[in-house]
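>>> Generate coordinates for the sequence data below:
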Amino acid sequence: MYASQACDYSCPRTVAAVCHRRRLRQSQTAATDDTEMPKTFFITTAIYYTNSSPHVGHAYEMVLADVIARYHRLKGEKVFFLTGVDQHGQKVQQSAAKAGVPPAEFVKGISQKWVDLGKKLDVQYDDWAETTSDRHKKVVQGILRRLFEEGEIYKDKQAGYYSVRQEQFLTDKERGPDGEFGPEWGEIEFREEENYYFKLLQHKDWLLSYLDNRKDAVIPDFRQIELRNAVEKLSGDLCISRPKSRLDWGIELPFDKDFVTYVWFDALTNYISFAGYDPSQSTLSSQPSTFRDKWPALQVIGKDILVPAHGIYWLIMLHAMGFSDDQMPQLLVHGWWNLGGAKMSKSTGNIVDPFVLADKYSAETLRYYLMSDIATGKDADFSEERLIERYNADLANSLGNLLNRSLTMMEKYCVRKLTRLKSVESYPVEEFGLRVSPTLGIIEYVNAMTDNAPNVASHVALNLALQCNQIVDASRPWALAKDSAEREHLDQVLYTLAESLRVIAILISPVLPKAAHGIFDQLNWKMELSGKEERFSLADAEWGRLPDGHVVGKPVPLFPRIETSG
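Below is the predicted model of the structure:
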């Protein structure tokens with residue numbers, strides 16, 4: 001589809017210019033009177049609850065954030081990528097008791113599984129959040145103390161029906177048409193106890209105004225509509241504590257030693273505590289430069305924790321802490337990987353183990369499937385058969401075949417030494433109306449990644465491989481090699497294939513880092529940076545970088561087909 005577009009982006013400066021214009025627009029919107037211009041792209045995932053092991057839905061979120069982070073590094077930006085684990089709470093305490101070990105020991109073992117998942121899937125984060133850490137505890141207690149002194153937190157007694165599974169008091173809004181609480185709430189019991197409350201309701205009008213004024217506070221946009229509708233229904237304050245008499249696995253309230261903070265001011269605060277936030281300072285301009293350099297963040301979360309946790313509680317918490325509207329994080333809300341049409345759930349056992357898949361098919365194969373077969377923000381059904389199908393069609397048959405056949409022909413017809421003709425310096429070869437247009441595809445690629453749509457960006461890169469395979473079939477290099485009068489034509493085709501493969505490697509590097517290195521290795525390109533992420537740069541995706549006389553390497557199968565029985 002890209003080869004048929006009217007605009008010609010073959011100018012070598014086009015990609016750099018596009019990136020510069022985007023950075024300029026971002027800096028213009030990010031700079032304010034009382035803050036320094038952000039120099040670092042800050043991205044977070046949700047932190048993962050340590051009451052059980054990860055499933056493929058968690059792997060998707062980790063890889064999605066990793067791909068976005070790698071893309072921003074590809075553009076030459078400094079990146080701070082934060083992920084980690086939520087280690088406190090009643091469910092953890094109950095799971096530890098069931099396992100017969102202390103909570104601290106229990107979460108250490110489960111936390112290691114999440115660390116292992118990141119390593120398995122080649123997720124390159126910059127810091128790892130653990131809510132039991134001293135630096136996090138210090139920030140949480142500092143925020144609570146300040147908000148309590150400012151009158152944002154008060155003590156009150158509550159009586160009502162309590163969901164043991166969801167760990168919250170329920171209201172009549174949670175009742176079904178029959179007047180009963182649904183099965184999603186699990187065991188229900190009547191409780192009466194004192195707790196501390198955060199004045200959520202007094203910030204309701206602010207949040208509605210903020211969502212009306214900032215149209216991209218939540219992406220995709222239909223999730224922002226859902227959030228605003230939920231805010232309209234907000235009717236009470238937020239319980240933020242639990243008495244130690246029934247939950248002692250948490251961070252003690254700094255103003256009442258008989259209570260621990262529960263969930264919200266603990267878990268949600270990780271996004272700033274591990275970025276260097278100083279709770280004693282109430283304005284961003286007074287924060288340490290290390291924090292100002294990063295904030296605000298792009299926060300990647302699942303649709304199930306947008307309302308109320310991140311979209312209501314977190315944004316209002318930040319507002320109460322003194323963050324202004326232009327200092328609010330942007331929420332990128334992804335959909336679910338379902339299994340047989342139903343949401344994957346640890347509690348029901350309806351899960352797919354990402355470790356098993358990565359061991360069976362490779363981490364790169366899993367990364368590609370997760371990024372290419374779901375549109376960001378929407379749901380998709382996980383299918384192992386579909387994983388195999390996408391891998392074989394896109395990677396083995398298309399890109400892998402192109403790499404192998406191209407280098408084989410270069411070895412056979414030019415002893416692996418490329419000839420760069422004037423005719424291919426500004427644009428690639430054209431055969432029978434077919435034209436390879438790498439620099440044209442880059443514009444689409446940049447647009448897709450700017451929209452946080454790696455599935456579209458992956459299509460752009462694989463579409464280029466498809467174009468190249470069509471050029472091979474149309475030009476028939478094996479026939480050109482038999483005619484001395486077609487020598488220049490043959491050189492033109494071979495150079496086009498090598499240079500296109502170089503550009504493809506750059507474009508796939510955020511999703512398939514190891515494969516990208518494999519292509520560069522076989523092209524014998526930037527070997528001094530082999531295995532290092534800085535080997536790839538979007539600015540290097542300009543057409544014609546391979547010099548005249550460049551000697552490529554020998555072909556090695558990069559994507560062997562996955563054979564299935566039957």
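>>> Geometrically speaking, which residue is the centre of this structure?
For the chain, the residue nearest the mean C-alpha position is residue 65 (1.5 Å; C-alpha atoms, centre = their mean).
>>> quick one: contacts for it?
Counting by C-beta atoms under 8 Å, 6 or more residues apart in numbering, residue 65 makes contact with 43-45, 81, 83, 123, 300. (Each C-beta comes from the backbone N, C-alpha and C, glycine too.)
>>> got it, and residue 397?
Residue 397 neighbours (C-beta under 8 Å, 6+ apart): residue 561.
>>> Assumed it was part of a helix.
Yes: counting by DSSP: H, G, I helix; E, B strand; the rest coil, residue 397 is located in a helix.
>>> surely residue 44 meets residue 295?
No: under the criterion of C-beta atoms under 8 Å, residue 44 makes no contact with residue 295, lying 10.9 Å away.
>>> Next, the buried residues of stretch 169-186.
169, 174, 181, 185 (16 or more other C-beta atoms under 10 Å).
>>> Also stretch 445-457?
For stretch 445-457, a neighbour-count test (16+ other C-beta under 10 Å) marks 445-446, 448-449, 452-457 as buried.
>>> and if you look at stretch 92-102?
92-96.
>>> Which pair in the buried residues of stretch 445-457 has the greatest spatial separation?
For those, the farthest-apart pair by C-beta to C-beta is 446 and 455; their separation is 15.2 Å.
>>> Helix or strand: which one has residue 155?
Assessed by DSSP states H and E, residue 155 sits inside strand 153-163.
>>> buried residues in that strand?
By neighbour count with 16+ other C-beta under 10 Å, strand 153-163 contains the buried residues 153, 161-163.
>>> Could you tell me which strands sit next to it in the sheet, and their orientation?
Paired strands of strand 153-163, with direction, are strand 168-169 (antiparallel), strand 188-198 (antiparallel) (DSSP bridges).
>>> which other residues reach the shortest one?
For strand 168-169, the surrounding residues in contact (C-beta under 8 Å, 6+ apart) are 158, 160-163, 191, 239.
>>> on that earlier part again, mind checking which of the strands paired with strand 153-163 is nearest residue 73?
Short answer: strand 188-198, nearest of the strands paired with strand 153-163 by C-beta to C-beta, at 37.0 Å.
>>> Could I get the average pLDDT for the closest one?
In this model, strand 188-198 has an average pLDDT of 94.
>>> Can you give the contact residues for that strand?
The contact list for strand 188-198 (C-beta under 8 Å, 6+ apart) reads 147, 152-164, 169-170, 181, 237-243, 253, 256, 259, 264-265, 317, 320.
>>> picking up where we left off before, give me the contact list for the strand holding residue 155.
Strand 153-163 has contacts (C-beta under 8 Å, 6+ apart) with 144, 147, 168-171, 181, 185-199, 239-240, 256.
>>> Checking residue 374 next. Helix, strand or coil?
For residue 374, the secondary structure call by three-state DSSP comes out as coil.
>>> so where's the stretch 51-200 of the chain uncertain?
Within the stretch 51-200 of the chain, the set of residues satisfying pLDDT under 70 is empty.
>>> Just give the closest residue to residue 174, not the sequence neighbours.
Take residue 174 and drop its neighbours on the chain: the residue closest to it by C-beta to C-beta, 6 or more residues apart in numbering is residue 181, 5.9 Å away.
>>> residue ranges of the helices in the stretch 451-566 of the chain, please?
For the stretch 451-566 of the chain, applying DSSP state H, counting those that start in this stretch gives helices covering 454-475, 477-480, 487-508, 513-523.
>>> roughly how far out does the third one sit from the chain middle?
For helix 487-508, the distance between its averaged C-alpha position and the chain's averaged C-alpha position is 31 Å (C-alpha atoms, centre = their mean, to the nearest Å).
>>> Flag every buried residue along that helix.
Neighbour-count burial for helix 487-508 flags 489-508 (criterion: 16+ other C-beta under 10 Å).
>>> For residue 89, see how far away the residue nearest to residue 174 is.
21 Å (C-beta to C-beta, to the nearest Å).
>>> For the contacts of strand 153-163, which PyMOL command selects only the ones that are buried?
The buried residues among the contacts of strand 153-163 can be selected in PyMOL (16+ other C-beta under 10 Å) with this line:
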select buried, resi 144+147+169+181+185+188+195+196+197+198+199+239+240+256
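>>> residues near residue 283, how many?
Residue 283 has 13 neighbouring residues, counting by other C-beta atoms under 10 Å.
>>> The one 4 residues further on now?
By the measure other C-beta under 10 Å, the count of residues near residue 287 is 22.
>>> for residue 152, same thing?
Neighbour count of residue 152, defined by other C-beta under 10 Å: 21.
>>> Looks like residue 87 contacts residue 114 (just checking).
No: using C-beta under 8 Å, residue 87 is not in contact with residue 114, being 10.4 Å away.
>>> overlap in contacts of these two?
Between them, residue 87 and residue 114 share the contacting residues residue 50, judged by C-beta under 8 Å, 6+ apart.
>>> With neighbour numbers in mind, choose between the two.
Legend: neighbour count by other C-beta under 10 Å for residue 87 and residue 114, higher for residue 87 (28 against 21).
>>> Can you pull the poorly scored residue ranges out of the stretch 451-566 of the chain?
By pLDDT under 70, the weakly predicted segments of the stretch 451-566 of the chain are 566.
>>> which strand residues sit across from residue 342 in the sheet?
Under the criterion used (DSSP bridges), residue 342 bridges to residue 339.
>>> Next one: it from residue 336, what distance?
Taken as C-beta to C-beta, the span from residue 342 to residue 336 is 10 Å.
>>> the more surrounded of these two?
residue 336 (20 against 11).
>>> before we move on, back to that, ok, and the residue nearest to the centre of the chain, which helix or strand is that part of?
helix 56-74.
>>> between that helix and helix 487-508, how many degrees?
Computed with axes from the mean of the first three to the mean of the last three C-alpha atoms, to 10 degrees, the direction of helix 56-74 lies at 120 degrees from that of helix 487-508.
>>> Just list what the helix or strand following helix 56-74 packs against, helices and strands only.
As assigned by DSSP H and E, the chain's next helix or strand after helix 56-74 is strand 78-86. The contact analysis (3 or more C-beta pairs under 8 Å, 6 or more residues apart in numbering; DSSP states H and E) places strand 78-86 against strand 40-45, strand 48-49, helix 56-74, helix 103-120, strand 127-130, helix 270-273.
>>> could you give the angle of the helix or strand immediately after strand 78-86 in the chain to helix 103-120?
Sequence-wise, the next helix or strand downstream of strand 78-86 (DSSP H and E) is helix 90-99. Angle, helix 90-99 to helix 103-120, by the same axes, to 10 degrees: 100 degrees.
>>> pLDDT weak spots in the stretch 201-350 of the chain?
346-348.
>>> Apart from its chain neighbours, what residue comes closest to residue 382?
In space, and not counting its chain neighbours, residue 382 is closest to residue 337: 4.6 Å by C-beta to C-beta, 6+ apart.
>>> what number of residues lie near that neighbour?
By the measure other C-beta under 10 Å, the count of residues near residue 337 is 25.
>>> Can you name the residues that contact the residue nearest to residue 174?
Contacts of residue 181 by C-beta under 8 Å, 6+ apart are 161, 163, 170, 174-175, 188.
>>> ok, 7 Å please
Going by C-beta atoms under 7 Å, 6 or more residues apart in numbering, residue 181 touches 161, 170, 174-175, 188.
>>> what bridges to it?
Counting by DSSP bridges, the residues bridging with residue 181 are residue 175.
>>> tell me the helices in the stretch 251-400 of the chain, going along the chain?
Counting by DSSP H, counting those that start in this stretch, the helices of the stretch 251-400 of the chain are 270-273, 289-292, 315-321, 354-361, 363-372, 384-390.
>>> Can you check which of those helices gets nearest to residue 461?
So among those, helix 363-372 is nearest, using C-beta to C-beta, at 10.0 Å.
>>> Show me the contact partners of that closest one.
So helix 363-372 is contacted by 59-60, 63, 67, 120-122, 354, 357-358, 387, 390-391, 395, 454-455, 458, 511-512, 514-515 (C-beta under 7 Å, 6+ apart).
>>> Figure out how far that helix is from the centre of its chain.
That offset, for helix 363-372, works out to 13 Å (C-alpha atoms, centre = their mean).
>>> Sounds good, over and out.
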